[in-house]
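# sequence first, predicted coordinates after that:
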Amino acid sequence: MATEKNYGNPELEAKLRDRYLYTDDTNPEFLNDVKKVSRTIAHMCYQCGTCTGSCPSAPRSSYRIRLFMRRGVLGLEKEALNDPDLWLCTTCYSCTDRCPRDIAPTDVIMAMRNLAFKYDIVPRNFLKTVQLIYTTGHGVPNNDVNRSAREKLGLSRDPPTTHSYPEFMPGIQKIIDHYKLKENADRILAEEGQ
Amino acid sequence: MAESKHQYAFFLGCIAPNRYPGCESAAIKTSAKVGIELLPLKGAGCCPAPGAFGSIDLNVFYALAARNLVLAEQMNMDITLICNGCYKSIWEVNHILKHNDELRDGVNEVLKEVDMEFKGSIDVWHLAELYYDPKICGVNKLAASVTRPLTGTKIAVHYGCHLMKPGKERHFGDTENPMWIDELVEALGAEAVQYRNKMQCCGAGGGVRGYDLTHSLDITNEKLINVTEVGADAITEVCPFCQLQYDRGQIEIEEKFGKTYGIPVLHFNELLGLAQGMSPQELALDLHGIDCKPFLEKIL
């Protein structure tokens, strides 16, 4: 969105000026990044609002998925990625089911979250899940109360997952390390802790 | 003992085995009664959680889900599971990697580091859909396995999100007002009650439960109001994470909002277990946050 057109004619400049968006703070690649990660046709959004109208988070917060769709199209990367509302989508896919343009707005949100993470923008709870999976293989690991309950049911104290077969843990850790995910999670949590 | 004709690798996920083991135990026992045998998927891990992991790095999400899929491919067996969140990860990644060569090659490059390869040779099913499928079980066969009908009880079915949605990519038909799980519930002799906004999310997904608990619980509270309005004796679902959100969530709602519901929340497999004559102890119902007694008194 150019604010100065440099037509050298003040009259034309005034007549043709962009009336809708005056900001240099856009990233023209943002939409392409979003489309690449989400694999959905985000540019097709015509702002009908069906997504926000279907959203269980909208009635109880300022989260508006339609706004994020617009930010994507306009390249308003910083505005989108720094908005704490980005993390209020429950990923229920109601908007995706109802979108008349066959876009998956839910996947647009997921893509924006992925892009935010590249700038270290991420709520703590997501990082803690990474640490748990890295150390136990489970996002919700077993505990002693549950172990004795399992025993009473005739189940093994630990389920036949990585909990019973820790020899599978290095495989999980290698995959996570390949993407430096644990490393980044540890670093961000440590920085936030200061 | 029913003959086992249909064998599946049983993908457990996290919340069922580690928080509600009754769901795991019930799934193994109830399915055996209709000729489905569940075999352990050794070394499986987290699916990984689609909200928590998918939100920060989809590539890791694909690769970790693929690792679980390869374990079942090595058994040469389809996967079945009992959690909608796991279904989103395991079913969807299987589906994506089977149809997207670029992503599949990327994932296989990483899997090579752990001596694995995703081949795309198996399918993934939710156990509830196997119960509904007449080629595997079907409503009639399920009804025939019932020894203690849940007559006189009203059950509100919560379908959850990640099993059926997005509907365009799935195969469950109508996602606005589905009835197939209601049919399964009625096969147990209960009345499946209809309530306002049946398909609304429980509020837990997408990492929102961890990010903003009161926001998440406010969504749950809305569903509890709608379920109470029609006089449901219990909620049933096919997702241990939804179960956690409704069950432990009611305790949190009481603490944070001062509202009390006391509605028992049972996974469909627990409900089926009761209808097939399993005792509350065999289902570890004492681990539930909300006392199931008011419901049990109606059927025992």
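Arrived safely, thanks for sending.
# could you list the domains of the chain?
As the question left the chain open, I've gone with chain A. Domain segmentation of chain A under automatic domain parsing yields A:10-118, A:124-193.
# actually chain B
Listed domain ranges for chain B are B:6-127, B:147-299 (source: automatic domain parsing).
# for A:R98, find the nearest of those.
Using C-beta to C-beta as the criterion, the shortest distance between A:R98 and those is 8.6 Å, found for domain B:147-299. For every residue, glycine as well, the C-beta is placed using N, CA and C.
# okay, now the residue in the stretch 151-300 of chain B positioned nearest to chain A: neighbour count?
Nearest residue of the stretch 151-300 of chain B to chain A, counting by C-beta to the nearest C-beta: B:G210, 3.1 Å away. Counted with other C-beta atoms under 10 Å in any protein chain shown, the neighbours of B:G210 add up to 19.
# got a list of what it touches?
For B:G210, the contacting residues are A:P123, A:N125, A:F126, A:K128, A:T129, B:A52, taking C-beta atoms under 8 Å, 6 or more residues apart in numbering or on different chains as the criterion.
# now do A:C92
Applying C-beta under 8 Å, 6+ apart, one finds that A:C92 lies in contact with A:C55, A:P56, A:T106, B:C161, B:K165, B:Q200, B:C201, B:G205, B:G206.
# now do the same contact list for the fourth one.
Spelled out, that is B:C161. For B:C161, the contact set (C-beta under 8 Å, 6+ apart) comprises A:T90, A:T91, A:C92, A:Y93, A:S94, B:N84, B:C201, B:G205.
# returning to what we had before: please identify the most buried of the domains of chain B.
Looking across the domains of chain B with neighbours counted as mean count of other C-beta atoms under 10 Å in any protein chain shown, the highest average goes to domain B:6-127: a mean of 22.
# quick one: mean pLDDT over that domain.
Domain B:6-127 shows an average pLDDT of 97 in the prediction.
# that one close to chain A?
Yes - contact between domain B:6-127 and chain A, assessed by C-beta under 8 Å from any C-beta of the partner chain, occurs at B:12, B:14-15, B:17-19, B:21-22, B:24-25, B:40-46, B:48-60, B:63-64, B:67, B:110-111, B:113-114, B:116.
# show me which residues of the stretch 151-300 of chain B are close to chain A?
Proximity of the stretch 151-300 of chain B to chain A, by C-beta under 8 Å from any C-beta, involves residues B:161-162, B:165-168, B:175-176, B:199-201, B:203-208, B:210-212, B:215-216, B:218-219, B:222, B:281-282, B:284, B:287.
# and those, which of them are in helices?
Residues of those located in helices (DSSP state H): B:V208, B:G210, B:Y211, B:H215, B:S216, B:D218, B:I219, B:E222.
# for residue 80, give me its contacts.
In the absence of a named chain, chain A is used. Remark: with contacts taken as C-beta under 8 Å, 6+ apart, A:A80 is in contact with A:F30, A:F68, A:R71, A:G72, A:L86, A:M112.
# you looked at the wrong chain, it should be chain B
Listed by C-beta under 8 Å, 6+ apart, the contact partners of B:T80 are B:Y8, B:A9, B:F10, B:F11, B:I36, B:L38, B:V124, B:W125, B:H126, B:L127, B:L130.
# secondary structure class for it?
For B:T80, the reduced secondary structure class is strand; criterion used: DSSP: H, G, I helix; E, B strand; the rest coil.
# quick one: it from A:A58, how far?
35 Å (C-beta to C-beta, to the nearest Å).
# ok, now B:V34?
The gap separating B:V34 from A:A58 is 42 Å, by C-beta to C-beta.
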